[in-house]
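> below is the sequence, then the predicted model.
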Amino acid sequence: MCVVCGCAETGEGKENKAGHAHAHEQPRGPEESSHVQVDAQHGDLHFGSGAARVSVPGMSQARAIKLETDILGENNRHARQNRAHFEGHGVTALNLVSSPGSGKTTLLCATIEALRRRRPELQVSVIEGDQQTTLDADRIRATGAAAVQVNTGKGCHLDAPMVAQAFARLRSHEPHAHGHEHHHHHEEPASLLFIENVGNLVCPAVWDLGEAAKVVILSVTEGEDKPLKYPDMFAASTLMLLNKVDLLPHLNFDLQRCIDAARRVNPAIEILQVSATSGAGMEAWLNWLEQVMAEPAALAAESREASLSRRVAELEAQLADVLAARAKPQQS
Ligand SMILES: Nc1nc2c(ncn2[C@@H]2O[C@H](COP(=O)(O)OP(=O)(O)OP(=O)(O)O)[C@@H](O)[C@H]2O)c(=O)[nH]1
Ligand SMILES: [Mg+2]
Ligand SMILES: [Zn+2]
Ligand SMILES: [Zn+2]
């Protein structure tokens, strides 16, 4: 996973401090440095079976866990500030995640148009994440909504400091040191902020941006097994939008199998079927948005706390395992 893959960014400075730290570190022992589980029958390899759930050349599992905890901890600090800042501005923020091409931008354009008809007074703005180009922000701006593009370069996800800077530009003010310590509680009308993450079904799952909820978009052309193959993203999301259902007649896509797969990974996930191009299911999606705007705090607190405490407990248990294993004498 990208936090410790060597391209990790530390948030503020992008000097790859953390990423480089491990490159020179010697592995402690063969078992610790390459945690791979081998299937006896077929020789299938599972590199995520160690305590860190990731294998990094030359880095111990304990070090990988420590790095992830430090970097994500720093990101989460910024995410908390974003959350407070959004709240101060009456903003409900949603983090849209998916593989490339599932239809995030098309759906956003259609959503902006539909919301304009339903709630003409509602302000909607967008932060667009892509490795390169301003194509998506240009598409959003063409609808008349405000958008800021964030290009990540080699980065494979948006992080909370990036979102803080982009949001400051949307609101034409500098980022604040402490959430909404500046006073803009002057009864701002409620508004929606969509954050379209970099197309990537793996990494954005662990980066909290301060959103009220993650919405994962899965298009029917991708196959119904995706929630099982990329479980972290579906586990982290509150809602799954199954997009491009207009194409179902042309595909061998088993809708029920897909829904079952998503529920197996995340029993609480909500699922809506939509088509950004035909408009099917848009009413239900708009209703969901209205509901989140009415009760964003409850939703966010529930999913964030649940997933954070799950992850913290996981990491603590794994770190304890690694330390215990290291303390034990080597057996051959
Ligand atoms: N048939 C059909 N095509 C769709 C639908 N939604 C999006 N598309 C098409 O899917 C392609 C990708 O759509 P985008 O909106 O650019 O996808 P994206 O998720 O924003 O892609 P990235 O930003 O690159 O990750 C485009 O050709 C869209 O026209 C849909 O509901 N039905
Ligand atoms: Mg896009
Ligand atoms: Zn990554
Ligand atoms: Zn502000």
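Thanks, I have the structure now. Ligands and ions are numbered 1, 2, ... in the order given.
> separation between the residue in the stretch 1-150 of the chain positioned nearest to ligand 3 and ligand 2?
Across the stretch 1-150 of the chain, no residue is closer to ligand 3 than residue 2, which sits at 2.2 Å (Cβ to the ion). All C-beta atoms are positioned from the backbone trio N, CA, C, and that covers glycine. Applying Cβ to the ion, to the nearest Å, the value for residue 2 to ligand 2 is 19 Å.
> again with residue 134
For residue 134, the distance to ligand 2 - Cβ to the ion - is 11 Å.
> skipping adjacent residues, who's closest to that residue in space?
residue 149 (4.4 Å; Cβ to Cβ, 6 or more residues apart in numbering).
> isn't that neighbour up against residue 131?
No: at 11.1 Å, residue 149 does not count as touching residue 131 under the criterion of Cβ atoms under 8 Å.
> so these two - more neighbours on which side?
residue 149 (20 against 14; other Cβ atoms under 10 Å).
> what secondary structure does the more buried one sit in?
strand (DSSP: H, G, I helix; E, B strand; the rest coil).
> who's in contact with it?
Counting by Cβ atoms under 8 Å, 6 or more residues apart in numbering, residue 149 makes contact with 128, 130, 133, 134, 136, 137.
> quick one: pLDDT of the second one?
This means residue 130. pLDDT, residue 130: 98.
> look up which residues are beta-bridged to it.
residue 151 (DSSP bridges).
> can you tell me which of the contacts of residue 149 are buried?
Buried subset of the contacts of residue 149 (neighbour count, 16 or more other Cβ atoms under 10 Å): 128, 130, 134, 136, 137.
> any idea how far the residue nearest to residue 134 is from residue 86?
For residue 149, the distance to residue 86 equals 19 Å [Cβ to Cβ, to the nearest Å].
> do the same with residue 39
46 Å.
> in terms of neighbours, single out the busier of these two.
Neighbour comparison, residue 39 and residue 86: the larger count goes to residue 86, with 24 against 9 (by other Cβ under 10 Å).
> what mean pLDDT does the helix or strand the more buried one falls within get?
Element membership for residue 86 (DSSP states H and E) is helix 61-88. Model confidence over helix 61-88, given as mean pLDDT, is 95.
> quick one, strands of the stretch 151-300 of the chain?
191-196, 213-219, 239-243, 270-273 (DSSP state E, counting those that start in this stretch).
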